[in-house]
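Q: let's see this in three dimensions:
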Amino acid sequence: MRKLIVAAFVSLDGVMQAPGGPEEDTTGGFIHGGWTVPFADAVFGEAMAALFAQPFELLLGRRTYDIFAAHWPRVPDNNGDADLATLFNGVTKHVATHRPESLDWQHSRALGGNIIGALRSLKAQDGPDLLTQGSGALVRQLLATDLVDTLQLMTFPVLLGAGRKLFGDDAQAAAFSLDTTIVSPTGLVVSRYVRVGEVQTGSFALD
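A: Have a look, this model is predicted:
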């Protein structure tokens, strides 16, 4: 059975919008695009390399898909990101979209009208893990279900105030165990959380 891994860049106040550049996603008048870049050090690079080192297939919302499809197929062979481009271009992309006919990036497949049902079927199959990148609206749908097995969060030491958030009010209550954590010299915290079951409660009531 496949695992579903939600990987996300997130600010201290939970924003995940436009981490990679000023023009990546200005929806809602967002003005802080590229907020992760000043913190991208060696630890960041190693964490990203480790994330993509195991076999995976991409799970993308339509907005992120369009951003990726406009970029990765056009990365030249002499670019520093050429290896990642080759990887992304070669893997299967499962896309949440109402326009399946316009998925022209190679190895792209629409999830269809019943996204959650399609993902339950995919998870039940043998194959590489399913890995999200960006795709905030889709990720919030996933977090409202029991489908997410792992959260791979890169938390950056910055408050953004406004912007699209990782967690919505309808996220399903669930307990996670901290599997690994690394702190970089720039203050980036890389944490991997594995789902372990239901939320447990207790009391600090005094005797």
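Q: quick one: pLDDT of the residue nearest to residue 127 when sequence neighbours are not counted?
A: Nearest residue to residue 127, sequence neighbours excluded (Cβ to Cβ, 6 or more residues apart in numbering): residue 2, at 5.7 Å. In short, each C-beta sits where N, CA and C put it, glycine included. Looking at residue 2, its pLDDT stands at 95.
Q: which stretches of this structure have low pLDDT?
A: 207 (pLDDT under 70).
Q: hmm, 90 instead?
A: 1, 20, 23-25, 80-81, 204-207 (pLDDT under 90).
Q: quick one on the thing from earlier: tell me which helix or strand the residue nearest to residue 127 sits in.
A: Using DSSP states H and E, residue 2 sits within no helix or strand.
Q: ok, it touching residue 128?
A: Yes. At 7.0 Å, residue 2 counts as touching residue 128 under the criterion of Cβ atoms under 8 Å.
Q: only the buried residues of the helix or strand containing residue 49, if you could.
A: Here residue 49 sits within helix 42-51, counting by DSSP H and E. By 16 or more other Cβ atoms under 10 Å, the buried positions in helix 42-51 come out as 43-44, 47, 51.
Q: list the contacts for residue 94?
A: Shown in contact with residue 94 (Cβ atoms under 8 Å, 6 or more residues apart in numbering): 57-60, 109, 111, 118-119, 122, 130.
Q: and what of residue 23?
A: Shown in contact with residue 23 (Cβ under 8 Å, 6+ apart): residue 33.
Q: does it belong to a helix, a strand or coil?
A: coil (DSSP: H, G, I helix; E, B strand; the rest coil).
Q: circling back: tabulate the CA atom coordinates of the helix holding residue 49 in PDB.
A: Taking C-alpha atoms only, helix 42-51 is exported to PDB below (Å, rounded to 0.1, in the frame of the first residue of the first chain):
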ATOM      1  CA  ALA A  42      23.000  23.500   2.700                       C
ATOM      2  CA  VAL A  43      20.600  21.800   5.200                       C
ATOM      3  CA  PHE A  44      17.700  22.900   3.000                       C
ATOM      4  CA  GLY A  45      19.400  21.400  -0.100                       C
ATOM      5  CA  GLU A  46      20.100  18.100   1.700                       C
ATOM      6  CA  ALA A  47      16.600  17.900   3.000                       C
ATOM      7  CA  MET A  48      15.100  18.400  -0.500                       C
ATOM      8  CA  ALA A  49      17.500  15.800  -1.900                       C
ATOM      9  CA  ALA A  50      16.500  13.300   0.700                       C
ATOM     10  CA  LEU A  51      12.800  14.000   0.000                       C
END
